[in-house]
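Colleague: Sequence first, predicted model second:
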Amino acid sequence: MRPGGEETPALLLQGVGRRFGALAAVSDVSLAVARGERRAVLGPNGAGKTTLFNLICGDFPPTAGRVLLFGEDITALRPHHRARRGVGRTYQTSLLFNGLSVRDNLLVALRGARPGRFSWRLPPTADRAAAQLLAERVRIAALLDTPVAALSHGQRRQLEVGMALACEPRLLMLDEPAAGLSPVERPELVALLRSLPRDLTLIVIEHDMDIALPIADLVTVMKDGQVVVEGPPDRIESDPMVQAIYLGHGRSH
Ligand SMILES: Nc1ncnc2c1ncn2[C@@H]1O[C@H](COP(=O)(O)OP(=O)(O)OP(=O)(O)O)[C@@H](O)[C@H]1O
């Protein structure tokens, strides 16, 4: 396999682990996510999903193993260096500017995404057009002049995805995008995620199967820091191990 060639996975984890003292939060995780793939990482509370997410984004280094992005070893790189190489992300807690409009939030993200970002050199019309495109992509174009404080929870999530897309990521990581959404908002989010460009590689960390399964090409299920099952959504749903893990956790509707 030619490093960096088309067949090189977007993300390759090789025996990745992370300990916090005596606790192995993530243990010997190996997985390959193909270019343009939509991968869901599922698992109950405490399974290690967020820790794995942070290891991929670089919030802290793994205590074992390697992380490769499009063939490049990024294990030792800090988050902003990973971001420059194409890792985009959203956060479980919102990082929006409540006092600003949707448009201004997108403009801040667009300007922050550019090297030399404090130069403010691009003509405002180009930025406004880019903000408009992003808003259309995440289905909130009608809300461009609305203050973020007036958005619903679901609309905030859509804006967060738009802001992450402003950096033109090659790999987009979403951390529990459906957390706190109403039953009406959830299908809208699923539709939005399904409509993202197919060349974008997407990893969604979720504990909710009803969100994860409709958007995923492949699902990785974690428990106690380890990968316990991996496969296509239809097989995951009927897998006895997955059913046992989720028994008692319930599926929300
Ligand atoms: N910074 C930390 N220090 C110590 N222990 C941690 C730290 N972060 C996570 N852990 C522990 O690692 C384990 C895995 O946690 P993690 O948050 O990755 O799971 P999760 O699958 O994301 O769960 P949830 O769905 O509740 O977010 C848990 O036992 C957690 O308490």
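Modeller: Sure, I can see it. Numbers count the residues shown, from 1 in each chain.
Colleague: rest of the way, CA atoms for contacts and neighbours
Modeller: Will do.
Colleague: ok, the closest residue to E206 other than its chain neighbours - contacts?
Modeller: Sequence neighbours aside, E176 is the residue nearest to E206 in space, at 4.8 Å (criterion: CA to CA, 6 or more residues apart in numbering). Each residue near E176 by CA atoms under 8 Å, 6 or more residues apart in numbering is listed here: Q92, V204, I205, E206, H207.
Colleague: This structure: strands as residue ranges?
Modeller: 11-20, 23-33, 38-42, 64-69, 72-73, 87-89, 171-175, 201-206, 218-223, 226-231 (DSSP state E).
Colleague: Please put the alpha-carbon coordinates of the longest one into PDB.
Modeller: C-alpha atoms of strand 23-33 as PDB (Å, rounded to 0.1, in the frame of the first residue of the first chain):
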ATOM      1  CA  LEU A  23      -7.800   2.700  34.800                       C
ATOM      2  CA  ALA A  24      -7.500   1.600  31.200                       C
ATOM      3  CA  ALA A  25     -10.100   4.000  29.700                       C
ATOM      4  CA  VAL A  26      -9.100   2.700  26.200                       C
ATOM      5  CA  SER A  27      -7.300  -0.500  25.600                       C
ATOM      6  CA  ASP A  28      -5.600  -1.900  22.500                       C
ATOM      7  CA  VAL A  29      -8.000  -0.400  20.000                       C
ATOM      8  CA  SER A  30      -7.200  -1.000  16.300                       C
ATOM      9  CA  LEU A  31      -9.400   0.200  13.500                       C
ATOM     10  CA  ALA A  32      -9.300   1.500  10.000                       C
ATOM     11  CA  VAL A  33     -11.700   4.100   8.700                       C
END
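Colleague: From L106, how far out is the closest residue to the ligand within the stretch 51-200 of the chain?
Modeller: Distance from the ligand to each residue of the stretch 51-200 of the chain (CA to the nearest ligand atom) is smallest for T51, at 3.7 Å. Plainly put, T51 is 28 Å away from L106 if you go by CA to CA, to the nearest Å.
Colleague: out of those two, which sits in the busier spot?
Modeller: Between T51 and L106, counted using other CA atoms under 10 Å, L106 has the larger neighbour count: 28 against 20.
Colleague: Surely that one and A166 touch.
Modeller: Yes - the pair L106 / A166 is scored as a contact, 7.3 Å apart, by CA atoms under 8 Å.
Colleague: How about stretch 164-183 and the ligand, touching?
Modeller: No - Stretch 164-183 stays clear of the ligand (CA under 6 Å from any ligand atom), getting no nearer than 8.2 Å.
Colleague: Would you mark the buried spots in that stretch?
Modeller: Within stretch 164-183, the residues scored as buried using 16 or more other CA atoms under 10 Å are 164-179, 181.
Colleague: and what of stretch 40-56?
Modeller: 40-44, 47-56.
Colleague: Start and end of it, how far apart?
Modeller: 14 Å.
Colleague: can you tell me the average pLDDT over it?
Modeller: Averaging pLDDT along stretch 40-56 yields 93.
Colleague: and if you look at stretch 101-113?
Modeller: Mean pLDDT, taken over the full extent of stretch 101-113, equals 89.
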